[in-house]
Structure formats: C-alpha cells, structure tokens
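S.K.: sequence and predicted structure, then a few things I'm wondering about:
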Amino acid sequence: MHDYVIIGGGIVGLATAMAVGNKYSGASILVLEKEQDLAQHQSGRNSGVIHSGIYYKPGSLKARFAREGNRSMVEFCREHGIKHEVCGKVIVATKPSELPLLDSLFQRGLDHRLAVARLGPEQVREIEPHVRCLAGIKVPSTGIVNYREVSAITESLRPDLLLIAPACLAIAWPALVASIRVQKSSRSVVSTTSWYPKNGIS
Ligand SMILES: Cc1cc2nc3c(=O)[nH]c(=O)nc-3n(C[C@H](O)[C@H](O)[C@H](O)COP(=O)(O)OP(=O)(O)OC[C@H]3O[C@@H](n4cnc5c(N)ncnc54)[C@H](O)[C@@H]3O)c2cc1C
C-alpha cells in the first residue's frame, strides 16, 4: 500500500516523486515504469538543453517555470555531481527579414530579466566560427545536460541519501500500468502487467 503512485519514470514522474516526497514527509511513494530502465523515452532522447525560457510569452507560467527550472536543474546537477555546462546559447538572424524577430526576442529576454546581449556578426563568429549572420543574441543561462544521467541519479533515491527524505520512495520496473480502479474508500488499485520487485517492493 502506498500513499502516492506515480506512473512513468521519465523526468516528469521522477521530479514529481521528489517534489511530493519533499512536501509530504513520511509519505510512501511508488514510481512505476514500464521499460527496463528509467528515462528510455522523451527524457532520455531529447536535445539535452537546459532552456532559458526566452521564447515564452512574458508573464506566462511556461516562462516562469522555464526560468525556475533552469535554476533548479543547474542547482540539482551541482549538488549531485552530474556533468553539465552552462555554455549559453546564440540566436542569430541570417536574413534581413529575420531581424525584427531577433529584436523582439531580445526584448523578450530583457522582459524575462535574462542577461541577454546583442551581438554583431563578428562577435557571433568569435563564439561560433562557422556561423555567418547579420546579428545575434547571446543568452548566457542556457545549458546542456544529459537528462538520462539526471534521471539515473534517482535510481539511488533513498531516504538515507536525503534526496527526498524523510519520505519513502520506491521505483519499480518493468511495471506497465494496465488499469486504475478507484474504490469507494478513496483508495485506488493500480494494476500492472509485469512486476519486478526491485528495491524489495511488494
Ligand atoms: C525531439 C525533442 C527534443 C526535446 N529537447 C528538449 C530539451 O533539449 N530540453 C528540454 O528540457 N526538453 C526537451 N524536450 C521535451 C522533454 O524531453 C519532455 O518534456 C520530457 O522528457 C517529458 O518527460 P516525461 O517524463 O513527461 O515523458 P517521458 O520521458 O516520455 O516519460 C514517460 C514515461 O512513462 C512511461 N510509461 C508510459 N506509459 C506507462 C504505463 N502505462 N505504465 C508505466 N509506465 C508508463 C514511459 O515508459 C516513460 O518512461 C524535447 C522533446 C522532444 C520530442
């Protein structure tokens, strides 16, 4: 019996498990993943960018979460020794018709209070020697990381590692959730088609 069952061991499920664990101390949390390992789908096959949020509409939740997520992801990597790099990103206009869009992105960056800088073609070339452009913007807070490595750290998420302590977290795979039955008692029964009791879960 668990207080919380989270379906899917991608970055969203794992981050949710961590957040629930931090919020409800002592809660028992179970993450069910259908594959043989964590982050085998989108989370482990994406471009590995820690986004700055520059593209999102100022004031939107997406913009806020991207900025906060950028900060907390870098913090998480530093804390747990996960290889990452805050290398920044350069956005360029290669045609005159792209210059107004570049201007509005620059303004967006300022609205988001990102430390954006305008670059001339030569300054862009100093950063990216193979790029030919009319103008660019440097967004310093963009980074890179392997999200599979970020997810792998949660394999060792145990109360004694104090990552989500004092909650009790278990991750099980391969465990494909086939049905969820909500009972009158407000308890739900989650059924899986396969089950490997890793971490001694039953
Ligand atoms: C091409 C591409 C590039 C991207 N690049 C970036 C990037 O650079 N930076 C960035 O921040 N975001 C990027 N994203 C977005 C990012 O990858 C996703 O937002 C994120 O990985 C979604 O995580 P998730 O946990 O929701 O999904 P997933 O990682 O797909 O996890 C879902 C998990 O649920 C499991 N599952 C599904 N059904 C069941 C079931 N019935 N029972 C048990 N388990 C189940 C799956 O096996 C899977 O492991 C990119 C997306 C794409 C498509």
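M.R.: Looks like it arrived, so ask away.
S.K.: domains for this structure, by residue range?
M.R.: Recorded structural domains for the chain (assignment: automatic domain parsing) are 4-48+147-192, 61-145.
S.K.: looking at the ones you listed, which is nearest to Ile54?
M.R.: domain 61-145 (5.1 Å; C-beta to C-beta). The C-beta positions use only the backbone N, C-alpha and C, and glycine is treated the same way.
S.K.: that closest one: end-to-end distance?
M.R.: 23 Å (C-alpha to C-alpha, to the nearest Å).
S.K.: burial of Gly109, as a residue count?
M.R.: Using other C-beta atoms under 10 Å, the number of residues around Gly109 comes to 24.
S.K.: helix, strand or coil: sort out it for me.
M.R.: Assigned with DSSP: H, G, I helix; E, B strand; the rest coil, Gly109 falls in the helix class.
S.K.: going forward, the N-terminal residue is numbered 9.
M.R.: Right, with 9 as the first residue, what we last looked at is Gly117.
S.K.: the worst-scoring helix or strand of the chain on mean pLDDT: what's the following helix or strand?
M.R.: Lowest mean confidence among the helices and strands of the chain (mean pLDDT, DSSP states H and E): strand 176-180, at a mean of 70. Next along the chain after strand 176-180, taking DSSP states H and E as the criterion, comes strand 185-190.
S.K.: how far off centre is that next one?
M.R.: Centre-to-centre, strand 185-190 and its host chain are 27 Å apart (C-alpha atoms, centre = their mean, to the nearest Å).
S.K.: who touches it?
M.R.: With C-beta atoms under 8 Å, 6 or more residues apart in numbering as the test, strand 185-190 has contacts from 15, 40, 42, 196-201.
S.K.: so, low pLDDT: which residues of this structure?
M.R.: 163-177, 202-210 (pLDDT under 70).
S.K.: how about the residue of the chain found nearest the ligand: what's its closest non-neighbour residue?
M.R.: Relative to the ligand, the nearest point of the chain is Gly18 (2.1 Å; C-beta to the nearest ligand atom). Using C-beta to C-beta, 6 or more residues apart in numbering and skipping the chain neighbours, the partner closest in space to Gly18 is Ser51 (4.0 Å).
S.K.: how many residues are close by that neighbour?
M.R.: Ser51, neighbours per other C-beta under 10 Å, totals 20.
S.K.: cool, thanks, talk later.
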